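Colleague: Have a look at this prediction, sequence included:
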Amino acid sequence: MTIARDYITDDPIAVLLRYGSDILRNPKYLKLKEYKQHQRSTTYDHCVAVTLSALKTAKKRHFKVNASILVRGCLLHDYFLYDCHEKGHPKHHWFLHGIHAAMNAMHDFGINEVEADMIANHMWPLHPLRFPIHPEGWLLVYSDKKEAFKDAFGKKRLKEREKLKAIETR
């Protein structure tokens with residue numbers, strides 16, 4: 001599979017909407033708004049924040065990426081469809097949720113093998129033997145850890161919440 005990669009020159013929100021609007025409007029995906037993620041966000045908010053972070057990093061650092069793959073993989077990286085803070089979630093959630101998310105994304109969105117690799121392996125280094133093999137996957141790993149840290153320990157990010165609301169109204 002040959003993957004066309006190029007620099008991101010457009011506004012990250014515009015890129016997100018170009019390649020992810022079908023996901024963002026999907027009723028099943030919108031259920032992620034009901035699940036708490038880390039301390040200060042929902043799973044939906046976290047996935048959108050990770051996607052924007054990855055796009056901004058790729059643009060700022062002049063990384064060549066496939067924007068469609070990056071957006072879809074980032075939006076779906078925590079698409080495991082259960083509340084991991086409630087009893088009854090699958091055992092070893094933190095190690096296996098990437099695999100659950102990849103299977104759900106394959107079923108509901110028909111993801112490709114690069115997107116599946118990104119999603120299934122985004123928890124590196126927590127799971128040291130599972131790591132992404134594509135640049136989009138490494139951007140996801142970096143952005144996920146960065147945003148998770150902000151969610152858990154940072155101050156409430158009002159500007160980012162406003163951006164998320166603006167995305168929902170487009």
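Modeller: Perfect, thanks for sending it. Numbers count the residues shown, from 1 in each chain.
Colleague: Please list the outside residues in contact with the helix or strand containing Ser68.
Modeller: Ser68 is part of helix 67-75, with elements assigned from DSSP states H and E. With contact meaning CB atoms under 8 Å, 6 or more residues apart in numbering, helix 67-75 is reached by 3, 6, 8, 15-16, 18-20, 23-24, 29, 47-48, 50-51, 54-55, 58, 109, 111-112, 114-115, 118-119, 134, 136-137, 139-140, 143. Every C-beta, even on glycine, is put in place using the N, C-alpha and C of the backbone.
Colleague: List the buried residues of the helix or strand following it.
Modeller: Next in sequence after helix 67-75, counting helices and strands by DSSP H and E, comes helix 93-109. Across helix 93-109, burial judged by 16 or more other CB atoms under 10 Å covers 96-106, 109.
Colleague: mind putting these in JSON lines, distance to Phe63 and pLDDT included?
Modeller: Converted to JSON lines, the buried residues of helix 93-109 look like this (distance: CB to CB, whole Å; pLDDT from 0 to 100):
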{"residue": "Leu96", "distance to Phe63": "29", "pLDDT": "62"}
{"residue": "His97", "distance to Phe63": "26", "pLDDT": "71"}
{"residue": "Gly98", "distance to Phe63": "22", "pLDDT": "71"}
{"residue": "Ile99", "distance to Phe63": "26", "pLDDT": "79"}
{"residue": "His100", "distance to Phe63": "28", "pLDDT": "81"}
{"residue": "Ala101", "distance to Phe63": "23", "pLDDT": "87"}
{"residue": "Ala102", "distance to Phe63": "23", "pLDDT": "88"}
{"residue": "Met103", "distance to Phe63": "28", "pLDDT": "90"}
{"residue": "Asn104", "distance to Phe63": "27", "pLDDT": "92"}
{"residue": "Ala105", "distance to Phe63": "23", "pLDDT": "93"}
{"residue": "Met106", "distance to Phe63": "26", "pLDDT": "92"}
{"residue": "Phe109", "distance to Phe63": "24", "pLDDT": "95"}
